[in-house]
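Participant: sequence and computational prediction follow.
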Amino acid sequence: MKRILIIEDDPYIAELQKDYFGLHDIEAEICHDGGEGLARALEGGFDLLILDLQLPGASGFDICKQVREKLDIPVLIVSAKNEEVDKIRGFGLGADDFVTKPFSPSELVARAKAHLARYERFAARDRGPKTREEPNADVIQVRELAIHKAAYRVFVHEREVALTAKEFEVLLFLAEHPNRVFSKEELFERIWGLESSGEIATVTVHISRIREKIEADPSNPQFIGTVWGAGYRFTV
């Protein structure tokens, strides 16, 4: 059974979330204080974190930052703060998703399960062979960039680049559809596996992070280009 930690100061919302996850055989533990929740999260043993932003003891942004620095688990922010700047800040600190209150409990569970599945695939890659040469790997090679699809590994000039699970999936999806333009909404729906509901700032943040890791000059990208007013395109 998967275990998640819910850091939420509203007892009603926290219990509602816990009940819905329980219906899907996911065990949830609740912390109402930010400082207590951060300490509990860092003890480990959880597969996913549900995080409010406005908390006593420690802000959700601080918790997200510290958890992301030390743990490799999905972090989902659930907050009444719905300004674009808050979403971009959350994604910039490493959040995997941002759900705005009021929310659908069923949708929250669906999003959480999708993130858990992706992290499981990424963890399976880490348990696999660590040699670069894998005879059965399906590799996309574009100039100095090599994407090892089966191994979830990326190389630039034969040096491995560390991508998160979601960063890898964004890059892989674009590379598998070269020279085609995808809007932010399309990328969100294709990669996050859910219909876009205004939470597409994460796409911009993930593209920016990928460019920083694979491009020689992120301000003048050669792989993932921006088509103004339309979206993004992987150029071969």
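Facilitator: The structure has been received and is ready for your questions.

Participant: so which residue is dead centre in the chain?
Facilitator: What sits nearest the mean C-alpha location of the chain, by Cα atoms, centre = their mean, is D96, with 3.0 Å.

Participant: distance of the closest residue to that residue other than its chain neighbours from E215?
Facilitator: Nearest residue to D96, sequence neighbours excluded (Cβ to Cβ, 6 or more residues apart in numbering): P74, at 4.6 Å. No exception for glycine: its C-beta is placed from N, CA and C like everyone else's. Using Cβ to Cβ, to the nearest Å, P74 is found at 26 Å from E215.

Participant: cool, and G57?
Facilitator: As judged by Cβ to Cβ, G57 and E215 stand 39 Å apart.

Participant: got it, and V161?
Facilitator: Per Cβ to Cβ, V161 is found 11 Å from E215.

Participant: so which of these two has more stuff around it?
Facilitator: Legend: neighbour count by other Cβ atoms under 10 Å for V161 and E215, higher for V161 (19 against 16).

Participant: which one's the longest helix in this structure?
Facilitator: Longest helix in the chain, counting residues (DSSP state H): helix 105-127.

Participant: in stretch 59-76, which residues are buried?
Facilitator: Buried residues in stretch 59-76, counted by 16 or more other Cβ atoms under 10 Å: 60-68, 73-76.

Participant: what's that stretch in contact with?
Facilitator: Here stretch 59-76 makes contact (Cβ atoms under 8 Å, 6 or more residues apart in numbering) with 7, 34, 37-38, 41-42, 44, 46-55, 77, 79, 89-90, 93-99, 108, 111-112, 115-116, 118-119, 123.

Participant: whichever of these end up buried, select them in ChimeraX.
Facilitator: Selection of the buried residues among the contacts of stretch 59-76 in ChimeraX, burial being defined by 16+ other Cβ under 10 Å:
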select :7,34,37,38,41,46,47,48,49,50,51,52,53,55,77,79,89,90,93,94,95,96,97,98,99,108,111,112,115,116,118,119
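
Participant: where does pLDDT dip in this structure?
Facilitator: Filtered on pLDDT under 70, the chain yields the residue ranges 122-137, 194-199.

Participant: got the residue ranges for the strands in it?
Facilitator: Under the criterion DSSP state E, the chain contains strands at 2-7, 26-31, 48-51, 75-79, 97-100, 139-142, 145-148, 153-156, 159-161, 181-182, 224-227, 231-234.

Participant: can you add distance to R211 and give the ones you listed back as a markdown table?
Facilitator: Shown next, in a markdown table, are those (distance: least, Cβ to Cβ, whole Å):
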| stretch | distance to R211 |
| --- | --- |
| strand 2-7 | 31 |
| strand 26-31 | 35 |
| strand 48-51 | 27 |
| strand 75-79 | 22 |
| strand 97-100 | 21 |
| strand 139-142 | 14 |
| strand 145-148 | 12 |
| strand 153-156 | 12 |
| strand 159-161 | 11 |
| strand 181-182 | 15 |
| strand 224-227 | 6 |
| strand 231-234 | 10 |
